[in-house]
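Chemist: show me the folded form of this:
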Amino acid sequence: MPPANAVRTDVPDAETARDQIDRIVALWQAERPDLDASTTEVIGRIVRMEYFITRRVLADLARYELNVGEFDVLAALRRTGKPYQLPPHQLQGMVLISSGGLTNRLNRLEANGLIARLPDPSDRRGVLVTLTKKGLSVVDEAAEFHLAAEAEMLAPLDADERRQMATLLKKLLLAHDSHDEE
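Modeler: As a prediction, this is how the structure comes out:
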């Protein structure tokens, strides 16, 4: 029997098979034919995939006793390269969280021995958030597992379909990200 979070790769043909979103759109069309519910075919499916992705990510990170926000902090530090450290204000910009929210995450990660706050040699009042050896080990293992899970979730798509989906989602995000910056 496959694991509970396994993804089917033997999916029916997307052109002919019906899913929950098709049923929702059909019900709207029957009840309110004056409304254009075609946007639900895209947005509804994105929302539904977000549910499956979140459920999978939370389950995967639980094995490391991390939540998504804590993983984001560790991953941001890891991506900076050696010596895997940043001042809090730079880290805050990378994980898009308030300073109070970041402080809470840092407190939990420090209590678990995954990060340390060290004096900043270039700013006597500043600190540098630094991955510990334990933190580096945890984030490296969690990142491998996380990326493998992402690949598994996208297994029903071939490489061209992945590129096409990535391009279309990027186009949508660029349009909406530009509104957030204004």
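Chemist: from residue 99, how far out is residue 89?
Modeler: Residue 89 is 8 Å from residue 99, where distance means CB to CB, to the nearest Å. Quick note: C-beta positions are derived from backbone N, CA and C, even for glycine.
Chemist: actually residue 30, not the one I wrote
Modeler: Going from residue 30 to residue 99 by CB to CB gives 50 Å.
Chemist: again with residue 150
Modeler: 30 Å.
Chemist: and for residue 175?
Modeler: From residue 175 to residue 99 the distance is 29 Å (CB to CB).
Chemist: so what are the domain limits for this structure?
Modeler: As given by automatic domain parsing, the domain ranges for the chain are 18-62, 68-137.
Chemist: centre of the chain to the first one, how far?
Modeler: Domain 18-62 has its C-alpha centroid displaced from the chain centroid by 19 Å (CA atoms, centre = their mean, to the nearest Å).
Chemist: for the last one, same thing?
Modeler: Using CA atoms, centre = their mean, the mean C-alpha position of domain 68-137 is found 18 Å from that of the whole chain.
Chemist: name the single longest helix found in this protein.
Modeler: Assignment by DSSP state H gives helix 38-62 as the longest helix of the chain.
Chemist: list the buried residues of that one.
Modeler: If you call a residue buried by 16 or more other CB atoms under 10 Å, then helix 38-62 has these buried ones: 40, 44, 56-57, 60-61.
Chemist: ditto for stretch 65-83
Modeler: Using 16+ other CB under 10 Å as the test for burial, stretch 65-83 gives 66, 69-78.
Chemist: just the CA coordinates for stretch 135-151, please, in PDB.
Modeler: Coordinates of each C-alpha in stretch 135-151 appear next as PDB, following Å, rounded to 0.1, in the frame of the first residue of the first chain:
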ATOM      1  CA  GLY A 135      21.400  23.700  12.100                       C
ATOM      2  CA  LEU A 136      23.500  23.100   8.900                       C
ATOM      3  CA  SER A 137      23.000  19.400   9.200                       C
ATOM      4  CA  VAL A 138      19.200  19.700   9.800                       C
ATOM      5  CA  VAL A 139      18.600  22.200   7.000                       C
ATOM      6  CA  ASP A 140      20.700  20.200   4.500                       C
ATOM      7  CA  GLU A 141      18.800  17.000   5.200                       C
ATOM      8  CA  ALA A 142      15.400  18.800   5.300                       C
ATOM      9  CA  ALA A 143      16.200  20.600   2.000                       C
ATOM     10  CA  GLU A 144      17.100  17.400   0.200                       C
ATOM     11  CA  PHE A 145      13.900  15.800   1.500                       C
ATOM     12  CA  HIS A 146      11.800  18.800   0.700                       C
ATOM     13  CA  LEU A 147      13.100  19.100  -2.900                       C
ATOM     14  CA  ALA A 148      12.500  15.400  -3.400                       C
ATOM     15  CA  ALA A 149       8.900  15.800  -2.200                       C
ATOM     16  CA  GLU A 150       8.400  18.700  -4.600                       C
ATOM     17  CA  ALA A 151       9.700  16.500  -7.500                       C
END
